[in-house]
Each structure stands twice: as C-alpha cells, then as structure tokens.
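A.B. asks: this one's sequence-less:
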C-alpha cells in the first residue's frame, strides 16, 4: 500500500522536509520524494523500535518512528483520514508479524558485521556509546571487509583524502542512520559523487544497491550453497577456472591463493544459484573488483543484484542487454556528436570495439581503478544510467569521453587507432587537464574532474526519458538480430539435418519457438546420468525440450490436420478461427519421436522426426504409418492397433468433403480383418462337435500379433484413396511456412493509438466475436465451414463399392464371425461437412508445391559475416576486456599517512565540500513555506497519550 506523506528528520534544523510517497511492502517500509531522487529510504520493519502518533493540531495525522540506531523520523500522512487509518492498521499488523518471526532479534547480530558500527563507536564520546543500547559490536566480532584490509586498497590514501571523507561520512551516518537504517538525503548523493572512503565503500555499495537486505534476509545461504555443491563440476565452473588468473592480475590480492580461492568460491556459488545464466565472461572482473572492498558473502549477494536487477541481460548468454545499450549509445553519438559519427562511418570504425568493454566491466578494466571505482560509486547510488553519463542525470559518460577527445578522434583511420587513443586517454586521467595554465586552480583540475564536468554541463539534453525511449525503439532490432544468430547457431549445432536444407531447418526452428511462446516449456533440465562417460564428471549444459502441450501447438504450425480452421460468417463479419487439435494420434507421434525416452522433445528430435515423413515415397510412408502404430515394435499390429489405425484415419480425414474418405476407412477395416483372419494359421487337428460337425476355432485375442507390414501394405494399396493419401497427401500435409514476426508496440502511437491498444485486446475481441455470433444465430445468418486438411475432393461423392481382396476359394473362411464382430464394434461417425461444398483448389495446389524457403541458401563464411551477427563484436570486446593495462596510480599506499599531515582539517573538509557543490543542482522539496513550518512544528509535538 502507498500513501502521500511529508517526511521530516527528527532533529530540528538538520534537514528540510520533503513531500513524497510512503510505501508499505512487508517486510519493508519505503519512501521516495516527489522528484524521485532527493530523499529515499528502505527500512526493514524489524529495525522500527517504536511507532507513535503525534499530538498535532486538528486535521493533521502524523507518526513518529524510532529506529534501531536511535534515529527518529516524522511522517505526516496527507491522505484522507480513512486511508491514513487503514495504512496505520496495516503497519501495525506487519510489525506484529516481524516480531513473531523473530527478525527483530537478528538485527543486533547482523549490524555487527558492518564497518559503520565500528566507525561510529570509535568516534562517539563515552556517554553516546552507552546510548547505543547494546547495538555496538563487541571486541570479539569483526566487521565484514574485503581483500583490501589485508593487501591494501588501490591508490594513495593521502591523495585520495581518505581521512576527510571518513569525517564527513561519520557526521552523516550519526544523524541519518547507517546500514539497515540509512536515510538517503541529497547530502548522501553529494558525498557519493566525491568518492567513498575505502573502508566504508563495500558497505555503502551493498546498502545503496539493496544487496544488504538480501544478505540480511538470507543468513547462511551463501555457505549452504557452497556446502551442497562441494566438488561439483559444470561447464560454468570450467569457464571460471580459465578466467581466474586473468581477473585484475596486477592487484596483489590476486597474486595469492587467498584472493584466487575467494574469487572462485563467489563465482561458483552464483553459477550454482542461477544455473540458467551460470557464468559469463566479464563477471570475473566485476567480482574481483567487488572483493577488494567486500567479504565473500557480501560480494555474492551484490553480484546477484548486479546480474539480475541492475544490469539485466548484460551477462546472459546472448548479452542482449549490453547489445541494446550499445545500439542506444551509437544513436546518442549520432545525435550529439554528428561529426565524429560521420567520420567513423566513413572510415568504418566501430564504436562498440572500445565501448563494449566499458559497459561490461563498468570501466574497471579500462581506466585506473581509483577512477573506475568513483564511477562505480555513482552507479550503485543512481543506477545503470551511470554507464552513459558519470554524475547526475548519468546518461552521457561515453559521450563526454568522445567530446573531450573530439579533435584526435577525427584523425582516427581504423579500430586500432581508436583503441590506442582511448587507452592513452584513460592512462592520463590523473594528470592536469590544463597543465599550461597560469592559474594554479586551473592546473589543479585533473582530467577525470574535467570528464565529470563535461558530462554534467554539455550533455544535459540527454535525459532518462530519452534513454528509455531509445531502448524501446531499438529493442525489436536487437531481439531480431539475436534471434537470427540463435537460429543459425541452433541449426549449425544439429547433429544431423537429414534431408532438410538449412533454410528448411530454420523454418522448423521458427515454428518450434512460436509454439514455445504460446505454451512455455518446462525449465531446461540436465541430461540423464550415464555410466559410460568421458567428461570426467563435468555436467553438460541444460537442453531446451518441449512437452506434450507445446508439441500440440508446434504440430498445429506445420501440419494441416493438427489444427481446426473454421471460416465463420455471421452477417456482420467473416473471420477464420483457429483451434489446436488434440487427439491420441498426436500423442502417439510425440512419443514415437521421443527416441531417447525423455518425455520431452528437443530441436534435433523434431528435425529427425519430420525428416522421417516429409520426404518419403509411397512405400516409405506406409511403413512409417505402420511403425507409428506398432506399439511393441514386433513387426505386427494387433486387432486393437488396427482399430487405432482406423481412428487415426478418421481424425486426419474428419473435415474432408463428402463421404469418400469415410468409405475408404470403412473398406480398410473390412479388408484388414477379412484378410487378416484368412492368413491366420489353421489348427493341425480340427475339433468335432457331438453332432459330427467341425467346431469353429477360438477367435484370436485382440492383443495378439495379427497383421504384418506386407499385409498392411496390400490392404492400403487396394484402395485408391488411401494409396493417393500415402503417395502425396500425407507428406504434403506437413507445410513449413515462415512464422509471422510479432511487432512490438510503437512508442509514438499518440492518443488514438493508446485508446485503441486498450480496447482491441484479445479478450475484448473474443467477447465481440461471441456477441456477433449470437446475433448471427438469431437472424439465421451464422455459418461455420471447416477447412479440409487434405482438400483433394471439392464436391460430394458417394463411396465406391468394396471389392473383396480374397479369391473365391478363400472367401469361405471360418473366421467371418470374428470379422463381423470386429467391424460391428467399431463406429464410424459421418463427416461433419458432408453437406458443404468448399472450393479448395488453391489449397490442394499448394499442398503439392515444394517446401518454401524464406532464407537464402548459406554460402561459405555466411555465418560469420552475416549482417546483424553480434558474434564478431562480442569476440573483439572479450579480447579487449581481458587486455587491461597497468596504471601506476593504482599502486597501493600506506594507511599510516592518511591523516593529511600538514593540512588543516577544517580547510580539508571545506575543500572536499567545495568539490561536491560544483556538481550539484538545486533540489526542490516540493513543499510551500506553510508546509515547511508545519513540518518544523511536528518535530516538537508530543506523542498522543
């Protein structure tokens, strides 16, 4: 539930009041100011110690919340009284639930793992330490920290002004809460933009990103995952081993087994928790950077937030998120820097060759770590948009880099020159941006500070809304490119194409994934274990397979008899309704193609199965149909299976015009039982009854072998219609057509487009069709015509008289009684369309045409050079990603010199804050003067007695 509210800090004169929305999402209480960036907080309800209603003047509904760390916030609920009462009731119930779950007892132990507790305790006077109410960590408990505590942090603490940053953050955390109770006011964003102190960086990262709450809600899960999967080897773990020693190798921590083992455990734990994604190249760079400032458990949860929420699709196998942002970046360069864009187009230089590693590694592998971590600070504070602009609105970092180097970029002639220029620029970020200036203040500005200033000031035209619209604009293009590449890869990885061409196999792939969209298959599963294996215990990647429900939709895409197409006219409209057919024949086909007995079909199974029927001649099709119904594969059909064959015929011919096919099935059954009984072996001794007459032999059981392939073939060939069906119609009923692409809704439809999209939904169309059908039935104009699946006969024809297959000497068989018994037990329903005549000339003509090909035949090298193929781009980016240059500025410094000796502390703090204010914009709290005065009065209000 959400409610409008005004937030005030419980300390008079400390912060302004802000209007916004208060959200109750158990077990969390959240707030966001109206501008969605000034003030925000997320509080676990277990950290709320007391809630009191304030005694304010009439019409004012205000609450005072006391938090775990002693802070107090005042919330004025500005909605109607009933809404405020409901919110308070829900808040009370949620707090009771948290108390019953025992979560409030876990807070004490959890906060001891945060460095901010130690920091505040070490700087608090003795009387304030006593007020912590046992929340402070004891001496025997250490806070979580990264490899930097042992191997030191990158950069010189004195040059980074670590002491000054720690003082500023200490003052902020004392008044605005910390870790679980941190309140994010504008000053928090300012301090993050200046840069986080090394010892506090890991905790602030997980607090700003939200991974802190995952770690709090899932205690011990990380160690449990490692314990349950100890010694397990997968393809992901193999890939991890290959990249371990290529992860920030210049840092001392990864030159030791301690750092390598920690990185291995974090990456493996994430691959076990998310097996669908597993491991992707560049995740090792992120994890290695995070582990410098965070413990393994902290890094594990932060990696999950990064891959699943902040950067979705960046580290997926298709890398669709990265490719989409690359396309957006190129569009922004074309819009904001047209000269550079046109020059690159002229000399065929790809922006993504350099920019893709920037996106994947968050600049960590491209620039000195001390500067890259400044960008990562802003990224966790303000979200993924920082990848485009380092700073406030954060959509233009890359544009600023190109702007600063504009003149040199216009002289670039190839990709190599572009990469070398960017590498040299990043290596010089610590140098002066104006070394020849006579003003010492100008000479003190570094290239990195210049990069931030250009990002803020010269690219403000790029907004969040623009980035969102650009992503929406190019999403369809990227998806189509990835799907095309995935299809080519799937076809290329088939073990056998059979008699299909690559183009035809691609059409099977299209039909398969169209069916998977309609009915998603079960989650991908690992192949069954095998006693004979050469993979040394390594698991294979999960394989996508479809179940029976999805198979129904797949067959409806390619087989005319697997769908019911009805032409409906009701006097108002004429439409074609399409329904998925379900029958035992389709079930039998599903299990017939499941040669591995997995209960699901892969792409290879479908291709092999279709290959076994689509290219057959007459005799092959008869044998295929026989084997399909031979359940135990003994070369014989039982009487029950013969009846099943007739039912399959009736299903396939159910919508054919007239009774010709019905008569063909009737003749098939009669001939099959007549000839089958005749060929049964006669008993050696005939029994004689009391009257001297021979006793008829005992009828054969219905589950005993009865009809072999040769007899079945003869029975089929005795009927002209069935012979024609097996010669041409059966194979022609499988038709491969390109699946129509689903168009994404346009973002520029306007008002009428939005109204129509709301009205013309699938459910509303069904309601409208039902309404018009009822009216059509009332006025007598409703008509339904079923489209035939074969379509050979277009007019009514009487079935031909049956001619017996037996010679005169064979017709006096003693088994005619079983023939009559069998035929009488089978009911043949009349054709549902025997009274209709439909012109299906075009349908029958199309049935005899060869399978269409929508894609040109592959030529050598086409897979690698096809337009829109992202593979060369990803390979080049991965190569650049692994080649990280060494930067001298990242050399670790001694912590003993971080007290800024020789500098006045107050002057140092002022210098830092001056640097902060240079990047800020005014934040409007959204309140009038009267509202601010009321909020100030509430700070002094007493609780209701």
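C.D. replies: Alright, I've got the coordinates. Predicted, not measured: the structure shown is a model, and the values here were computed from it.

A.B. asks: going forward, measure contacts between C-alpha atoms and count neighbours the same way
C.D. replies: Noted.

A.B. asks: okay, and the helix or strand of this protein with the least pLDDT?
C.D. replies: The helix or strand of the chain with the poorest confidence is helix 841-847; it has a mean of 36 (mean pLDDT, DSSP states H and E).

A.B. asks: Would you mind listing the buried residues in the helix or strand hosting residue 669?
C.D. replies: Taking DSSP states H and E as the criterion, residue 669 maps to helix 660-678. Neighbour counts over helix 660-678 (16 or more other Cα atoms under 10 Å) mark 660-678 as buried.

A.B. asks: same thing with stretch 584-601?
C.D. replies: For stretch 584-601, using 16+ other Cα under 10 Å, the buried residues are 585-586, 589-591, 593-594, 600-601.

A.B. asks: and what of stretch 711-722?
C.D. replies: By neighbour count, with 16+ other Cα under 10 Å as the criterion, the buried positions of stretch 711-722 are 711-713, 715-719, 721-722.

A.B. asks: Next: stretch 339-358.
C.D. replies: 340-341, 343-344, 349-358.

A.B. asks: distance between stretch 163-178 and the chain's centre?
C.D. replies: The chain centroid and the centroid of stretch 163-178 are separated by 39 Å under Cα atoms, centre = their mean, to the nearest Å.

A.B. asks: which of the buried residues of stretch 711-722 sit farthest apart?
C.D. replies: For those, the farthest-apart pair by Cα to Cα is 711 and 721; their separation is 17.6 Å.

A.B. asks: And the residue nearest the centre of this structure?
C.D. replies: Centroid-nearest residue in the chain, with Cα atoms, centre = their mean: residue 313, separated by 6.9 Å.

A.B. asks: any idea which element it lies in?
C.D. replies: Per DSSP H and E: nothing holds residue 313, as it lies in no helix or strand.

A.B. asks: Could you pull up the residues touching it?
C.D. replies: 307, 319-322 (Cα atoms under 8 Å, 6 or more residues apart in numbering).

A.B. asks: what about stretch 101-112, distance to the chain center?
C.D. replies: Computed by Cα atoms, centre = their mean, the chain-centroid distance of stretch 101-112 equals 34 Å.

A.B. asks: if we can go back for a sec, leaving out sequence neighbours, find the closest residue to the residue nearest to the centre of the chain.
C.D. replies: In space, not counting the residues next to it along the chain, residue 313 is nearest to residue 321; the distance is 4.1 Å by Cα to Cα, 6 or more residues apart in numbering.

A.B. asks: Buried residues in the helix or strand harbouring that neighbour, which are they?
C.D. replies: For residue 321, the host element (DSSP H and E) is helix 320-336. Within helix 320-336, the residues that qualify as buried are 320-333, 336, counting by 16+ other Cα under 10 Å.

A.B. asks: So which elements touch the helix or strand that comes right after that helix?
C.D. replies: Using DSSP H and E, the helix or strand that directly follows helix 320-336 along the chain is helix 338-347. In terms of contacts (3 or more Cα pairs under 8 Å, 6 or more residues apart in numbering; DSSP states H and E), helix 338-347 is packed against helix 320-336.

A.B. asks: ok, and what's touching the helix it packs on?
C.D. replies: By Cα under 8 Å, 6+ apart, helix 320-336 touches 311-314, 340-342, 351-352, 355-356, 359-360, 388, 398-399, 459, 467, 470-471, 474-475, 478-479, 482.

A.B. asks: Same check on stretch 407-421?
C.D. replies: Contacts of stretch 407-421 (Cα under 8 Å, 6+ apart): 340, 343, 347-350, 353-354, 402.

A.B. asks: need the contact list for residue 298.
C.D. replies: 144, 206, 211-212, 215.

A.B. asks: Phi and psi next, for it.
C.D. replies: When quoted as degrees, to the nearest 10, the phi and psi of residue 298 stand at phi -60, psi -40.

A.B. asks: Filter the buried residues of stretch 584-601 down to just the ones in helices.
C.D. replies: Among the buried residues of stretch 584-601, DSSP state H puts 585-586, 589-591, 593 in helices.

A.B. asks: In contact with the nearest residue to residue 717 once chain neighbours are set aside, which residues are there?
C.D. replies: Of all residues not flanking residue 717 in the chain, residue 723 sits nearest, at 5.3 Å (Cα to Cα, 6+ apart). Applying Cα under 8 Å, 6+ apart to residue 723 gives the contacts 618, 716-717.

A.B. asks: Just say helix, strand or coil for residue 723.
C.D. replies: Following DSSP: H, G, I helix; E, B strand; the rest coil, residue 723 is assigned to helix.

A.B. asks: Need the per-residue pLDDT for residue 216.
C.D. replies: On the pLDDT scale, residue 216 is placed at 92.

A.B. asks: in whichever strand or helix holds it, what counts as buried?
C.D. replies: Assigned by DSSP H and E, residue 216 belongs to helix 211-217. Neighbour counts over helix 211-217 (16+ other Cα under 10 Å) mark 211-213, 215-216 as buried.

A.B. asks: per-residue confidence for the spatially closest residue to residue 262 that is not a sequence neighbour?
C.D. replies: Residue nearest to residue 262 in three dimensions, not counting chain neighbours: residue 296, with 6.5 Å by Cα to Cα, 6+ apart. Looking at residue 296, its pLDDT is 94.

A.B. asks: Quick check: residue 296 vs residue 338, distance?
C.D. replies: 45 Å (Cα to Cα, to the nearest Å).

A.B. asks: Looking at these two, which is more packed in?
C.D. replies: More crowded of residue 296 and residue 338, by other Cα atoms under 10 Å: residue 296, with 25 against 13.

A.B. asks: that older thread, list the contacts for the residue nearest to residue 262?
C.D. replies: Contact partners of residue 296, counting by Cα under 8 Å, 6+ apart, are 146, 262-263, 265-266.

A.B. asks: which one of those has the most neighbours?
C.D. replies: Most neighbours among those, by other Cα under 10 Å: residue 263, with 26 neighbours.

A.B. asks: quick one: contacts for that residue?
C.D. replies: Taking Cα under 8 Å, 6+ apart, we find residue 263 in contact with 244, 284, 287-288, 291, 296.

A.B. asks: starting at the chain centroid, how far to the helix or strand where it lies?
C.D. replies: Per DSSP H and E, residue 263 falls inside helix 257-273. Between the centre of helix 257-273 and the centre of its chain there are 24 Å (Cα atoms, centre = their mean).

A.B. asks: And it, what's buried?
C.D. replies: For helix 257-273, by 16+ other Cα under 10 Å, it's 259-260, 262-272.

A.B. asks: Please apply the same query to stretch 272-289.
C.D. replies: Residues of stretch 272-289 classed as buried: 272, 277-289 (neighbour count, 16+ other Cα under 10 Å).

A.B. asks: closest to residue 167 among those?
C.D. replies: Distances from residue 167 to the buried residues of stretch 272-289, taken by Cα to Cα, are shortest for residue 289, at 24.9 Å.

A.B. asks: Tell me who's in contact with the closest one.
C.D. replies: The contact partners of residue 289, by Cα under 8 Å, 6+ apart, come to 248, 364.

A.B. asks: Give me the pLDDT for it.
C.D. replies: 93.

A.B. asks: Doesn't residue 231 belong to a strand?
C.D. replies: No: counting by three-state DSSP, residue 231 falls outside a strand, being coil.

A.B. asks: Now do it against residue 277, distance only.
C.D. replies: 20 Å.

A.B. asks: Please apply the same query to residue 656.
C.D. replies: From residue 656 to residue 277 the distance is 49 Å (Cα to Cα).

A.B. asks: Point out where the stretch 1-150 of the chain drops to low pLDDT.
C.D. replies: Across the stretch 1-150 of the chain, the ranges flagged by pLDDT under 70 are 12-14, 124-141.

A.B. asks: before we move on, what about the stretch 351-500 of the chain?
C.D. replies: 385-403, 452, 454-464.
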